[in-house]
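J.: coords please:
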Amino acid sequence: MSGRKPRIILKTTSQNPLSSSPSLKPKKVVSTRKTRQNSVSLIEDDNVKILPSDLTKNNIESGKTSKHDDEYESVKKKVITKKIKMNITVTEQSENPKNEPFHFLFQERILPREFFTVDPVTLARNLLGKVIVRKNGNQTIKCKIVETEAYCGVQDKASHAYGGKITERTKHIYQEGGHLYVYLIYGLSCCMNITARAKGEAGGVLVRAVEVLEGLDHVIANRNMKNLSKLGKELVNGPGKLCAAMKIDRSHCTHDITKDSEIYIIEGDNQPFEIVVSKRINVDSSGEYKHKPWRFYIKDNIYVSCKGVVLEITTSTTIFTQKGIPDEQISQVSSPRTVSVVESLEEYRSIPKKFPSN
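T.: Now for the predicted structure:
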């Protein structure tokens, strides 16, 4: 050896944790001497890479590294990353026996056009439990629909389109399903309607009440109410109130809610609930149509505008299926955070500075 310093070879063998093959040996580190060249052998599951290195004693002591050292660390990192991913795969398979894509568990889809191009009565019922998302700058408000009314167009004496009437205001009822029809009542408040049916066929659904799931601080600021009840249900328990709370006005008329924009609708938590069927509110001058059972609301929800005469109670329908609709045509967004308004109000009351001053 006469004066020459020993060289070290590191051999690392990694075993596939999913493989039970007896031919693979557990990983080990072997130290040996070599007189002419330094080298590091790194053996992966599928490939064998031999990288020269200058890991001399002087380099280690001086803290210097070479290009080969960086290559060695890079390959080492890839091996470690691969093993971590393999462990995650094992965990996912045990927790998700159906092998369903995990992103579907954390994302909801914007309701597509086909959801809205149905008759108004069907749409009014199916909208219960769905979530309106309102984006305004950096503010986001999410509200669950808890009360709706159907207006069936030309033959419905309570509809703005009754008798085929078309004016600058009513022409928007004839939009294709999935658009907003927003109009002013009493010269003060806006009402938000969602169009139904195909283009040119009048019909729509009035959203009468919602429940705030997210963005309660923005709702409180938008309503600017000096006195707020313990439950805070007066924030959104009416068609004019919810429009004010979500800052929806006539400028949003004709807005397409099937696209990822400032207003759209997504699936809710899909938990079953009971639907109450009753007559519509404030349509007494519509003759025999005032008795139509075209109002729907979620039973026992405190944010419903008023109870009315109960005509029927049914269970909620199943979620909308998007069969035959390409994924790229349906935008994906984060699923709603289901926190009740009552719980949120208690949180806000514990921090008075979060309330508006007037």
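
J.: quick one: Glu123 and Phe116 touch, right?
T.: Small correction: residue 123 is Leu, not Glu. Yes. If you go by Cβ atoms under 8 Å, Leu123 and Phe116 touch, sitting 6.2 Å apart. The way it works is simple: take the backbone N, C-alpha and C, and place the C-beta from them, glycine included.

J.: residues shared between the contacts of those two?
T.: Counting by Cβ atoms under 8 Å, 6 or more residues apart in numbering, the shared contacts of Leu123 and Phe116 are Gly177, Ile194, Ala196.

J.: Which one (most neighbours) among those?
T.: For the shared contacts of Leu123 and Phe116, the largest number of neighbours (other Cβ atoms under 10 Å) sits with Ala196, at 31 neighbours.

J.: For it, which residues are in contact?
T.: Going by Cβ under 8 Å, 6+ apart, Ala196 touches Phe116, Thr117, Val118, Asp119, Pro120, Leu123, Ala150, Gly177, Gly203, Gly204, Val205.

J.: shaky segments in the stretch 1-150 of the chain?
T.: 1-108 (pLDDT under 70).

J.: Please compare the shared contacts of Leu123 and Phe116 by their distance to Leu235 and name the closest.
T.: Set against Leu235, the nearest of the shared contacts of Leu123 and Phe116 by Cβ to Cβ is Ile194 (20.8 Å).

J.: tell me, how many neighbours does Leu231 end up with?
T.: Neighbours of Leu231 (other Cβ under 10 Å): 14.

J.: Also Asn237?
T.: 22.

J.: got it, and the one 10 residues further on?
T.: Burial measure for Lys247: 19 neighbouring residues, criterion other Cβ under 10 Å.

J.: Local confidence estimate at it?
T.: According to the prediction, Lys247 has pLDDT 96.

J.: Ok, the one 4 residues further on next?
T.: With respect to pLDDT, Ser251 scores 95.

J.: Next up, the contacts around it.
T.: No contacts exist for Ser251 under Cβ under 8 Å, 6+ apart.

J.: which SS state does it fall under?
T.: helix (DSSP: H, G, I helix; E, B strand; the rest coil).

J.: Can you tell me how far it is from Asp284?
T.: Note on Ser251: its distance to Asp284, by Cβ to Cβ, to the nearest Å, is 31 Å.

J.: same check, this time on Ile265
T.: Taking Cβ to Cβ as the measure, Ile265 falls 30 Å from Asp284.

J.: With neighbour numbers in mind, choose between those two.
T.: Ile265 (20 against 10).

J.: Assess the claim that the more buried one and Arg134 are in contact.
T.: No. Ile265 lies out of contact with Arg134 (Cβ under 8 Å); the separation is 10.3 Å.

J.: and this structure, what are its domains?
T.: Taking automatic domain parsing as the criterion, the chain consists of the domains 11-95, 109-354.

J.: give me phi/psi at His160?
T.: phi -70, psi -20 (degrees, to the nearest 10).

J.: typo on my end, it should be His291
T.: Dihedral angles of His291 (phi, psi; degrees, to the nearest 10) stand at phi -100, psi 0.

J.: Now it: closest residue in space that isn't a chain neighbour?
T.: Lys279 (6.0 Å; Cβ to Cβ, 6 or more residues apart in numbering).

J.: Who are the contact partners of that neighbour?
T.: So Lys279 contacts Lys290, His291, Lys292, Pro293, Trp294, Arg295, Gly308, Val309, Leu311 (Cβ under 8 Å, 6+ apart).

J.: So it versus Val310, what's the distance?
T.: 10 Å.

J.: again, but for Lys165
T.: Where Val310 is concerned, Lys165 sits at a distance of 32 Å (Cβ to Cβ).

J.: next one: Pro120
T.: Note on Pro120: its distance to Val310, by Cβ to Cβ, is 21 Å.

J.: For those two, work out which one has more neighbours and name it.
T.: Neighbours were counted for Pro120 and for Val310 using other Cβ under 10 Å; Pro120 has more, 29 against 12.

J.: And stretch 123-130, end to end?
T.: Its first and final residues considered, stretch 123-130 spans 11 Å by Cα to Cα, to the nearest Å.

J.: I misspoke; the intended subject was stretch 266-280.
T.: Start-to-end, stretch 266-280 (Cα to Cα) is 25 Å.

J.: swap in stretch 270-285?
T.: Note: stretch 270-285 ends 37 Å apart using Cα to Cα.

J.: Please spell out which residues along that stretch are buried.
T.: Residues Ile275, Val276, Val277, Ser278, Lys279, Arg280, Ile281, Val283 are the ones in stretch 270-285 that count as buried (16 or more other Cβ atoms under 10 Å).

J.: Okay, and which of the shared contacts of Leu123 and Phe116 map to helices?
T.: Of the shared contacts of Leu123 and Phe116, none are assigned to helices by DSSP state H.

J.: Can you classify Ile173 as helix, strand or coil?
T.: Assignment for Ile173 (three-state DSSP): helix.

J.: That one - how many residues pack around it?
T.: Using other Cβ under 10 Å, Ile173 has 25 neighbouring residues.
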